[in-house]
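J.: Dropping a prediction and its sequence here:
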Amino acid sequence: MREFSIDKIRNIGIVAHIDAGKTTTSERILYYTGKLYKIGEVNDGTATMDWMPQERERGITITSAATYTVWKDHQINIIDTPGHVDFTMEVERSLRVLDGCIVVFDAANGVEPQSETVWHQADRYEVPRIVFINKMDRTGANFFDSVAQIKKKLDATPAVIQIPIGSAETFEGVIDIINKKAYVWEDVEGKIFHEISIPEEYNSIVNDYRKNLTELLGNYDDNIAEKYLTNKEVENIELKNILRKLTIKSEVVPVFCGSAYKNRGIQLLIDGICDYLPAPNELPSITGVDPVTSEKKMFRRSEDEPLSALVFKIQADKFFGKLLFTRIYSGKIKCGDTVYNPRTKKLERIGRIVRLHAQQKEDIEKSFYGDIVGLVGLKQFSTGDTICTKENPIILGNIHIPEPVIWEKIEPKTKQDEEKMSYALENFLDEDPTLRCKVDHETGETILAGMGELHLEIIIDRMKREYGVTARVSKPQVAYREYFTKKVVSEGKYIKQSGGRGQYGHVVLEFIPLERNAGLKFTNKIVGGVIPKEYTSAIEKGVMEALESGPLGGYPVIDLEVVLIDGSYHEVDSSEIAFKMAAEIAVKNAGKKSSTLLLEPIMRVEVVTHDEYLGEVLSDFNSRRGKVISMEAKGHIYHIKSNVPLSKMFGYATVLRSLTQGRASYSMEPSHYEEVPKHVLEELGYVSVS
């Protein structure tokens with residue numbers, strides 16, 4: 001038997017822009033629900049959810065941490081995610097398995113760049129949300145402007161159910177719009193709060209907001225609409241019930257407010273998690289693909305259905321070995337069960353099941369649908385793999401993995417470090433799908449690619465601390481991409497005769513440039529058995545491997561469709577390796593025929609600066625080939641948004657501090673790829689292939 005009924009379980013995440021207060025909010029939730037006996041602080045390096053040494057030293061979240069707690073007969077499973085763009089994969093994989101999330105905004109800054117990114121990630125997985133406008137105690141905090149930005153910038157429908165009493169140094173508490181009650185906090189730790197009469201100066205605005213909320217919900221519910229139009233009183237429970245339904249459908253977003261750091265408003269936010277975010281059984285059935293028939297397959301969210309679960313994160317643990325963070329969607333599991341991996345087509349036995357609380361683990365015997373747990377003993381599973389039974393196999397939808405934008409060369413300092421580095425990198429690659437590693441066959445150097453300077457810096461630091469590896473590292477380099485600009489047809493033949501059985505592979509491929517962000521596609525249009533089907537996968541593999549090194553500078557080719565249109569085979573000499581080699585030859589020949597562009601990653605950069613430094617910041621952007629998109633003034637503070645090539649952003653933090661006497665801040669995230677200008681191409685030493 002499960003400890004809590006399924007309708008009392010909430011699987012939620014906390015997501016936001018960096019420094020909006022995610023971890024501080026999660027620490028308060030754990031404290032007020034009794035999971036922690038003492039409040040942890042990010043700035044002091046004592047936050048429970050930031051358990052890595054690198055997180056505590058830098059005061060940022062690097063890896064998503066899972067935990068659970070109990071509030072008013074509800075079990076709340078929580079994943080706290082990073083805000084820094086270099087670790088966006090942690091947000092991506094967490095949102096893939098969550099039933100709902102809290103999006104935290106800084107009341108002084110409103111919707112920031114990474115706020116938009118995580119919001120759209122939640123859109124991708126259709127995750128219901130509630131909003132917490134944090135830092136109401138901060139100078140410049142503006143609740144109503146933040147709500148307006150949510151509506152304008154995110155194209156969302158905010159349902160304001162709380163408004164603050166005061167702001168900045170006058171912030172005292174919050175007013176509940178539905179219940180028409182005001183709450184103020186008295187003690188420093190925020191445990192004691194009282195219901196008071198709504199301050200007289202707020203009566204009018206509270207009535208207006210309750211009327212607006214009723215009108216908004218009336219747009220979706222005929223009963224509420226009728227009462228609104230006939231001036232009849234709408235019961236509080238009616239408003240809450242329809243608001244819950246609309247939140248679960250992602251049609252509206254309830255808005256809360258407070259100050260996590262000053263311990264104000266968190267208890268009401270936890271109530272909001274229970275009141276408005278969905279239980280696992282309130283969401284649609286699980287859909288996937290049958291690995292045998294390739295047809296759509298569906299399981300209900302029920303313990304009586306076959307097992308379906310998704311591995312969304314892997315962690316190399318010193319004591320547990322390979323720990324799989326797993327979301328169970330249907331069925332149940334217990335220690336000792338044998339489960340099936342439809343990707344590897346292998347069976348494995350579950351050694352242990354653990355509940356997760358940051359770095360701590362608690363052994364449990366069974367786990368049921370709706371749970372998020374850690375599994376030990378499954379060695380052949382990777383991030384994104386489905387766990388199911390061999391009798392009822394299913395492949396669940398995968399996790400979107402962003403492409404790396406930066407790389408550096410790494411080599412061990414000593415012979416002893418070489419073996420340890422190989423082992424460390426193997427574990428890191430298992431943990432982090434955005435990390436890529438390859439060996440340059442010409443130089444023998446190991447190339448490590450990641451999402452940014454900080455991402456790679458953390459990996460090198462972990463390698464030294466956790467595995468004792470000392471390595472020499474080159475300066476970070478930009479991960480350029482290559483793009484074929486015209487359609488070409490190319491032939492590849494691999495014929496080898498050496499006395500006995502020979503090798504024969506022959507393919508004709510058509511290369512079709514696609515629109516940006518379309519990815520790589522392989523299509524087989526062979527008919528009539530010109531090339532037997534058993535060689536198709538080898539041809540595709542040869543194509544994809546060859547496209548990892550383009551003709552211009554050896555960078556990956558992107559946004560291209562490769563179509564197998566013709567070829568031939570030999571009944572005796574043909575083999576998979578021969579067709580793979582033929583495909584690689586065809587790709588190289590195509591590179592010589594097609595005009596090729598070099599593309600560079602463009603970053604979206606937002607700088608927040610005082611108006612007296614505006615000229616210096618804009619001039620610096622200009623020197624970096626930056627294009628200013630917009631400027632927004634809030635008093636003496638300017639928010640500048642621009643697109644800047646990544647190659648020009650190395651070391652920007654130091655330069656910005658110097659330009660503004662340390663009074664400006666910036667954030668940066670990948671935006672898109674653009675063609676490298678001709679004069680820059682010449683500086684890099686490349687000549688266009690045509």
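T.: Yep, it's here.
J.: my guess is Asp417 meets Arg472, correct?
T.: No - the pair Asp417 / Arg472 is not scored as a contact, 9.7 Å apart, by CB atoms under 8 Å. C-beta: built from backbone N, CA, C; applies to glycine.
J.: which one of those two has more residues nearby?
T.: A side-by-side neighbour count of Asp417 and Arg472, using other CB atoms under 10 Å, places Asp417 first with 20 against 10.
J.: Confirm that that one sits in a helix.
T.: Yes - with DSSP: H, G, I helix; E, B strand; the rest coil as the criterion, Asp417 is located in a helix.
J.: Now do it against Arg465, distance only.
T.: 14 Å (CB to CB, to the nearest Å).
J.: what's the answer for Leu229, then?
T.: Using CB to CB, Leu229 is found at 65 Å from Arg465.
J.: do Gly492 as well
T.: Counting by CB to CB, the separation of Gly492 from Arg465 is 47 Å.
J.: cool, Val85 as well?
T.: To Arg465, Val85 is 24 Å away according to CB to CB.
J.: of the two, who's got more company?
T.: Using other CB under 10 Å as the criterion, Val85 and Arg465 rank with Val85 on top: 24 against 12.
J.: quick one: the strands in the stretch 301-450 of the chain?
T.: For the stretch 301-450 of the chain, the strands defined by DSSP state E, counting those that start in this stretch cover 308-317, 321-330, 332-334, 338-341, 346-349, 352-357, 360-364, 366-368, 372-376, 386-388, 395-396, 406-412, 436-439, 446-450.
J.: so which of these comes closest to Ser642?
T.: Among the strands of the stretch 301-450 of the chain, the nearest to Ser642 by CB to CB is strand 406-412 (19.2 Å).
J.: Tell me who's in contact with the residue nearest to Leu277 when sequence neighbours are not counted.
T.: In space, and not counting its chain neighbours, Leu277 is closest to Gly100: 3.4 Å by CB to CB, 6 or more residues apart in numbering. Residues near Gly100 by CB atoms under 8 Å, 6 or more residues apart in numbering: 10-13, 127-130, 273, 277-278.
J.: Name whatever forms a beta bridge with Gly100.
T.: When bridges are called by DSSP bridges, Gly100 pairs up with Ile12.
J.: if we can go back for a sec, make a ChimeraX selection of the buried ones in the contacts of Gly100.
T.: Buried residues within the contacts of Gly100, by 16 or more other CB atoms under 10 Å, are selected in ChimeraX with:
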select :10,11,12,13,127,128,129,130,273,277,278
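J.: which of the contacts of Gly100 lies closest to Ala546?
T.: Val127 (37.9 Å).
J.: tell me which element the closest one is part of?
T.: In the assignment (DSSP states H and E), Val127 maps to no helix and no strand.
J.: Quick check, it in contact with Val97.
T.: No - applying CB under 8 Å, one finds Val127 not in contact with Val97, separated by 9.7 Å.
J.: How many neighbouring residues does Asp208 have?
T.: 11.
J.: Using the three-state scheme, assign it.
T.: Asp208 falls in the helix class when you classify it by three-state DSSP.
J.: Wait, a helix at Lys240?
T.: Yes - if the criterion is three-state DSSP, then Lys240 is within a helix.
J.: burial of it, as a residue count?
T.: Lys240: 17 surrounding residues under other CB under 10 Å.
J.: what residues are up against it?
T.: Going by CB under 8 Å, 6+ apart, Lys240 touches 178, 275.
J.: Show me where the stretch 451-600 of the chain has its strands.
T.: Remark: strands assigned in the stretch 451-600 of the chain by DSSP E, counting those that start in this stretch are 471-473, 477-478, 481-484, 488-496, 503-513, 520-524, 560-568, 596-610.
J.: As TSV, those with mean pLDDT would be great.
T.: Shown next, in TSV, are the strands of the stretch 451-600 of the chain (pLDDT from 0 to 100):
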stretch	mean pLDDT
strand 471-473	85
strand 477-478	84
strand 481-484	92
strand 488-496	92
strand 503-513	93
strand 520-524	93
strand 560-568	93
strand 596-610	89
